[in-house]
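Asker: One predicted model, sequence on top.
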Amino acid sequence: MTTEILEKLFRLREHNTTIRTELVAGITTFMTMAYILVVNPMILSQTGMDRDAVFTATALASFAAIVVMALYANLPIALAPGMGLNAFFAYTVVIQLGYSWEMALTAVFIEGLVFIMLSLFKVREAIINSIPLNLKHAISVGIGLFIALIGFSNAGVVVKNESTLIALGNLSDSGVLLALGGIIFTGILLVFRMKGALVMGIITCAIIGIPLGITQLPEGGFLSMPPSLEPVFFQFDFSRVLSWDMLLVVFTFLFVDLFDTVGTLVGVCSKAGLLDKNGKIPHASKALFADAIGTTVGAMLGTSTVTSYVESAAGVQAGGKTGLTSLTTGFLFIAALFLSPLFLMVPGVATAPALVIVGLFMISPIQKINLEDYSESLPVFLTIIIMPLSYSISEGIAFGMLSYVLIKVFTGKWKSVSWVMYILALFFIIRHLL
């Protein structure tokens, strides 16, 4: 009976997948993005928000958005409060600009409502469909380099350096060695076509980390009741809702979220082979609606902007093709509420190898790009290289789109550019001039 229900909901046979494959893929995705349950409360708590309450809000907001993505869009893409967006919320809006965290939450709530309207009228889908196919492939490659850099950075393999900007970390450090060993171990499992290789690599690294003092066993057992939402639930400040400051904050949230989500959807769907012959994402409007609902509900619960996660590529690589993958990830977020000590004990160095290897998987679409046509290959290259160098998916997309339009115009190929691309290019110019 259960099998029949799942088949009806997710059309598993049509997507050439199985329940077991989808469950393993969902677990894989969760293991690579579970760090958000630690990092998001830590970042937002610096604004004065209650850290324990934000932990609960993070898990519940992720679940709410994922359920919509799974059951409505039927895509193997998980969502959670976005990295970068939470940093903008805390360090720029609250700490640097001096606004209250209640006002920042209000801006996120308004952003979510605006995105719901844009999604219903398919404006966001039109933006995605206007992106040339080569740029879509480039976005996948750029994201691959970006998340590999995140993995190396989390593990301490690469570090900041004043003279060279970035350099190798201390290769004799036990955490660095564990991460590098995890990359090799997971790679060996992949060579032997082991199912769930990424999950096995994460678990193995976490276990080895116990005697090394890297993985800290929780005190008082693995079970705990979820912290109360009360300190952050529905804490809005509408007193400045019509101010220029609120408009500026909402606009920035909209911009970053829009193109981070576009980049993630395009990149993950490209890697999963879900793009149609015209390079379009299936059920794009539904996927974007899930993102909008997640952001709106997340603000009500007490967390920053919810967005699609590039780590979903880990689940896709493990075989995930339908919403059952993301739904599995969603239920693990709920389980994390009661087993938080267990999930939080997994250190960043244990998940780093999975991110690095997913980076490898994500660069494969570069084979589909014609690098001999410089009107296409230069924007492609800028898209790819700017993402890791600027530590921003959205900036990589901006450089790629703007250079694409300018090169096409000045080489007499302006008719091949869609009107949406012209509008976006103008938007990027205005954004950086203001």
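Answerer: Received the coordinates, thanks.

Asker: Pull out the buried positions in stretch 39-59.
Answerer: 39-41, 43-45, 47, 49-59 (16 or more other C-beta atoms under 10 Å). Just so you know, the C-beta spots here come from the backbone N, C-alpha and C atoms, and that holds for glycine as well.

Asker: now could you export just the CA positions of that stretch as CSV?
Answerer: Taking Å, rounded to 0.1, in the frame of the first residue of the first chain, the C-alpha atoms of stretch 39-59 are listed here in CSV:
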residue,chain,number,x,y,z
VAL,A,39,25.7,27.5,11.6
ASN,A,40,22.4,29.4,11.1
PRO,A,41,21.6,29.7,14.8
MET,A,42,25.2,30.7,15.5
ILE,A,43,25.1,33.5,12.9
LEU,A,44,21.6,34.9,13.8
SER,A,45,22.3,34.7,17.5
GLN,A,46,24.9,37.5,17.0
THR,A,47,22.0,39.9,16.3
GLY,A,48,20.5,39.2,19.8
MET,A,49,18.1,36.4,18.6
ASP,A,50,17.7,33.4,20.9
ARG,A,51,20.0,30.7,19.5
ASP,A,52,18.0,27.7,20.7
ALA,A,53,14.8,29.2,19.3
VAL,A,54,16.5,29.8,15.9
PHE,A,55,17.6,26.2,15.8
THR,A,56,14.0,25.1,16.0
ALA,A,57,12.9,27.7,13.5
THR,A,58,15.7,26.5,11.1
ALA,A,59,14.5,22.9,11.2
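
Asker: Name the residues that touch it?
Answerer: The set of residues external to stretch 39-59 that reach it, using C-beta atoms under 8 Å, 6 or more residues apart in numbering, is 36-37, 80-81, 83, 86-87, 89-91, 94-95, 101, 104, 226-233, 298, 301-304, 333-334, 336-337, 340.

Asker: average model confidence for it?
Answerer: Average pLDDT, stretch 39-59: 88.

Asker: and that stretch, how far from the chain's centre?
Answerer: The gap between where stretch 39-59 is centred and where its chain is centred comes out at 18 Å by C-alpha atoms, centre = their mean, to the nearest Å.

Asker: Now list the buried members of the contacts of stretch 39-59.
Answerer: 36-37, 80-81, 83, 86, 89-90, 94, 101, 104, 226-227, 229, 231-232, 298, 301-304, 333, 336-337, 340.

Asker: which residues touch the residue lying closest to Thr322 once chain neighbours are set aside?
Answerer: Nearest residue to Thr322, sequence neighbours excluded (C-beta to C-beta, 6 or more residues apart in numbering): Phe10, at 4.1 Å. The neighbourhood of Phe10, defined by C-beta under 8 Å, 6+ apart, consists of 22, 70, 74, 322-324.

Asker: again, 10 Å this time
Answerer: 17, 19, 22, 70-71, 74, 76, 321-325, 327 (C-beta atoms under 10 Å, 6 or more residues apart in numbering).

Asker: For it, give its distance to Phe234.
Answerer: 33 Å (C-beta to C-beta, to the nearest Å).

Asker: And for Val249?
Answerer: 19 Å.

Asker: And Ile166, by the same measure?
Answerer: 42 Å.

Asker: where are the low-confidence patches of the stretch 251-400 of the chain?
Answerer: For the stretch 251-400 of the chain, the stretches with pLDDT under 70 are 252, 255-256, 259-260, 271-272, 278-279, 343-344.

Asker: What are the buried residues along the helix or strand that contains Gly26?
Answerer: Taking DSSP states H and E as the criterion, Gly26 maps to helix 19-33. Judged by neighbour count using 16+ other C-beta under 10 Å, the buried positions of helix 19-33 are 21-33.

Asker: what's the spacing between the helix or strand encompassing Ser119 and its chain's center?
Answerer: Assigned by DSSP H and E, Ser119 belongs to helix 101-120. How far helix 101-120 lies from its chain's middle: 18 Å, per C-alpha atoms, centre = their mean.

Asker: So which other helices or strands are in contact with that helix?
Answerer: Helices and strands touching helix 101-120, by 3 or more C-beta pairs under 10 Å, 6 or more residues apart in numbering; DSSP states H and E, are helix 36-44, helix 123-129, helix 244-272, helix 284-301.

Asker: and it with helix 244-272, angle?
Answerer: Put simply, helix 101-120 runs at 50 degrees to helix 244-272, going by axes from the mean of the first three to the mean of the last three C-alpha atoms, to 10 degrees.

Asker: buried set for helix 101-120?
Answerer: So for helix 101-120, counting by 16+ other C-beta under 10 Å, buried means 101-112, 114-116, 118-119.

Asker: Might one say that Leu327 is in contact with Ile77?
Answerer: No - counting by C-beta atoms under 10 Å, Leu327 stays clear of Ile77, with 11.1 Å between them.

Asker: Strands of this structure, residue ranges please.
Answerer: 79-81, 158-161, 165-168, 306-308 (DSSP state E).

Asker: So which residues make contact with stretch 182-200?
Answerer: Residues contacting stretch 182-200 (C-beta under 10 Å, 6+ apart): 20-21, 23-25, 27-32, 151-152, 155, 157, 201-206, 208-209, 314-315, 317-319, 349-358, 360-361.

Asker: Of those residues, select the buried ones using a PyMOL command.
Answerer: Only the buried entries of the contacts of stretch 182-200 go into this PyMOL selection, using 16+ other C-beta under 10 Å:
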select buried, resi 21+23+24+25+27+28+29+30+31+32+151+152+155+157+201+202+204+205+206+208+209+314+315+317+318+319+349+350+351+352+353+354+355+356+357+358+361
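
Asker: Mind checking which of the contacts of stretch 182-200 land in helices?
Answerer: Among the contacts of stretch 182-200, the ones falling in helices (DSSP state H) are 20-21, 23-25, 27-32, 151-152, 155, 201-206, 208-209, 314-315, 317, 349-358, 360-361.

Asker: thinking again about what came up before, out of the helices and strands packed on helix 101-120, which is the most enclosed?
Answerer: Of the helices and strands packed on helix 101-120, the one with the most neighbours on average (mean count of other C-beta atoms under 10 Å) is helix 284-301, at a mean of 25.

Asker: what angle do that one and helix 101-120 make?
Answerer: Going by the same axes, to 10 degrees, helix 284-301 makes 160 degrees with helix 101-120.

Asker: elements contacting helix 284-301?
Answerer: helix 51-68, strand 79-81, helix 101-120, helix 123-129, helix 244-272, strand 306-308.

Asker: Out of these, which gets nearest to Tyr374?
Answerer: Smallest distance to Tyr374 across these (C-beta to C-beta): 22.2 Å, for helix 244-272.
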